[in-house]
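Participant: I'd like to go over a predicted model; first the sequence, then the structure.
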Amino acid sequence: MTMIKDTLTTLPQYLLPQHTLSRLMSRLTHSENVAWKNFFIRQIVRHYGVNMDEALDPNIEAYKSFNRFFTRELKPGIRPLTSEQNAIACPADGAVSQAGSISGGTIFQAKGKNFTAIDLLGGNAERAMPFQEGVFATIYLSPKDYHRLHMPLTGTLREMVHIPGCLFSVNTATANVVPGLFARNERVAAIFDTEAGPMALVLVGAIFVSSIETVWHGVVTPPTVNSVQTWRYDNDAPVLQIGEEMGRFNMGSTIIVLFGKDRAVWRDGLTAGEPVKLGEMIGKRL
């Protein structure tokens, strides 16, 4: 019954003008109309139970737009960074969608559904090679969560890739139904060199996600383009410390973390459905 319900919920998404709706949502979320943005913020806070006590500014009327509220800062110290030796820090608030091994270059999405690291990283086999037989963790951010993304390890940026695609929802129901969901949606992949070898952070877009941005580049999308775009950082490459902000979703989505073979191990209990908080230990580098 659950699969039938998920299918019926998801099928209309194939017919929706996904990018048009996301552009409209962008206009609405960036509107500075006081009555509109205050109403919108209150509805989200009430419906999803957003904890405004954690926000640097808990006054919803202080935010110039809904997007400013959605990408709000947290109070200093509210998400302590793990002090465990060799720890990999959680990059976001959210819930684990899946976590495990990259077996034969394949990443598990949901029962009966997988996608490849090559497809996830834009169809480039050379880019995906360091992650063959490695590990992955997929973390879903719901509307109530903090929507800035932070570094799991200290890293030097090597490459950023913008990969165009669809904008399906990334909730559990859609992940159960849409084949290759995370390698199908529009996304931005950032490849870092770390003490655990190459690390990929893949920021996956979704329906109503009005944009994805990084701290070193600014807004990467929109606009949505027809082909993969790549930026190399061979000279003066940005270096980001563990726990430092690396990007954000303007509206929520999913981040996928990849490490190579024998480079990292996830902690016990990091399984589908587990809630996680920014900065806590989710694994260790080997």
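Facilitator: All right, it came through fine.
Participant: Buried ones in stretch 50-69, by neighbour count?
Facilitator: Within stretch 50-69, the residues scored as buried using 16 or more other C-beta atoms under 10 Å are 50, 55, 60, 63, 65, 66, 67, 68, 69. C-beta coordinates here come from the backbone N, C-alpha and C atoms, glycine included.
Participant: average pLDDT across it?
Facilitator: Stretch 50-69 carries an average pLDDT of 94.
Participant: what distance separates it from the centre of its chain?
Facilitator: Computed by C-alpha atoms, centre = their mean, to the nearest Å, the chain-centroid distance of stretch 50-69 equals 21 Å.
Participant: cool, and stretch 189-201?
Facilitator: 15 Å.
Participant: and what of stretch 74-91?
Facilitator: Its chain's C-alpha centre and that of stretch 74-91 lie 17 Å apart, by C-alpha atoms, centre = their mean.
Participant: what residues does it touch?
Facilitator: When contacts are defined by C-beta atoms under 8 Å, 6 or more residues apart in numbering, stretch 74-91 is touched by residues 54-56, 93, 139, 146, 149-153, 196, 201, 242-243, 246, 255, 257, 259, 264, 276-286.
Participant: Return a PyMOL selection command for the buried portion of the residues you listed.
Facilitator: Buried residues within these, by 16+ other C-beta under 10 Å, are selected in PyMOL with:
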select buried, resi 55+93+139+146+149+150+151+152+153+196+201+242+243+246+255+257+259+264+276+278+279+280+281+282+283+284+285
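Participant: Out of the buried residues of stretch 50-69, which sit inside helices?
Facilitator: Those of those mapping onto helices are 66, 67, 68, 69, per DSSP state H.
Participant: OK, contacts around the second one?
Facilitator: Residues touching residue 67, when contacts are defined by C-beta under 8 Å, 6+ apart, comprise 29, 30, 210, 250, 251.
Participant: what kind of secondary structure is residue 149 in?
Facilitator: Secondary structure, DSSP: H, G, I helix; E, B strand; the rest coil: residue 149 is strand.
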